[in-house]
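Q: Fold the stuff below for me.
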Amino acid sequence: MRMSEKYSTPTAYLWGIMTTIWGFFTLEQWVAVVGIVCTIGTFFINVYYRKKEYKLKERQYENTEKNIDGNGW
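A: Sure thing, here's the model as predicted:
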């Protein structure tokens with residue numbers, strides 16, 4: 001098997017699958033799918049950053065408690 005055949009065959013199969021999938025939906029259905037995927041992605045990004053913000057605020061609160069008790073600086 002030549003090097004070009006090694007890459008051209010999987011690429012041909014991939015493009016065949018992609019064009020089949022692309023032709024399966026209408027433009028309106030693709031817009032709906034992309035909207036749903038973007039909404040789900042936004043949700044998970046928000047959850048990730050809310051969790052980071054919560055941990056940061058928790059750490060700030062703990063540091064403030066140490067300073068008030070005199071155990072800090």
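Q: okay, CA-based contacts and neighbour counts for the rest of this
A: Will do.
Q: where do the helices sit along the protein?
A: Along the chain, the stretches classed as helices by DSSP state H are 3-24, 27-69.
Q: Let me see the mean pLDDT of the longest one.
A: Yep, that's helix 27-69 we're talking about. Averaging pLDDT along helix 27-69 yields 91.
Q: The shortest one too?
A: Regarding helix 3-24, the rounded mean pLDDT is 78.
Q: and it with helix 27-69, angle?
A: 100 degrees (axes from the mean of the first three to the mean of the last three CA atoms, to 10 degrees).
Q: Run through who's touching helix 3-24.
A: Under the criterion CA atoms under 8 Å, 6 or more residues apart in numbering, not a single residue lies in contact with helix 3-24.
Q: and with 10 Å instead?
A: Identification of contacts with helix 3-24 by CA atoms under 10 Å, 6 or more residues apart in numbering yields Trp30.
Q: roughly how far out does that helix sit from the chain middle?
A: Put simply, helix 3-24 sits 25 Å off its chain's centre (CA atoms, centre = their mean, to the nearest Å).
Q: got it, and the longest one?
A: Taking CA atoms, centre = their mean, the mean C-alpha location of helix 27-69 is offset from the chain mean by 12 Å.
Q: Could you dump the helices of the chain into CSV with mean neighbour count added?
A: Written out in CSV, the entries for those read as follows (neighbours: other CA atoms under 10 Å):
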stretch, mean neighbour count
helix 3-24, 11
helix 27-69, 12
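Q: Contact partners for Thr42?
A: Residues in contact with Thr42, defined by CA under 10 Å, 6+ apart, are Ile36, Tyr48.
Q: Next, find the distance separating it from Tyr48.
A: 10 Å (CA to CA, to the nearest Å).
Q: Same check on Arg59?
A: 17 Å.
Q: Next: Ile36.
A: Distance from Ile36 to Tyr48, by CA to CA: 19 Å.
Q: residues touching the residue nearest in space to the middle of the chain, list them.
A: Centroid check for the chain by CA atoms, centre = their mean gives Gly41 as the closest residue, at 5.4 Å. Counting by CA under 10 Å, 6+ apart, Gly41 makes contact with Gly35, Val47.
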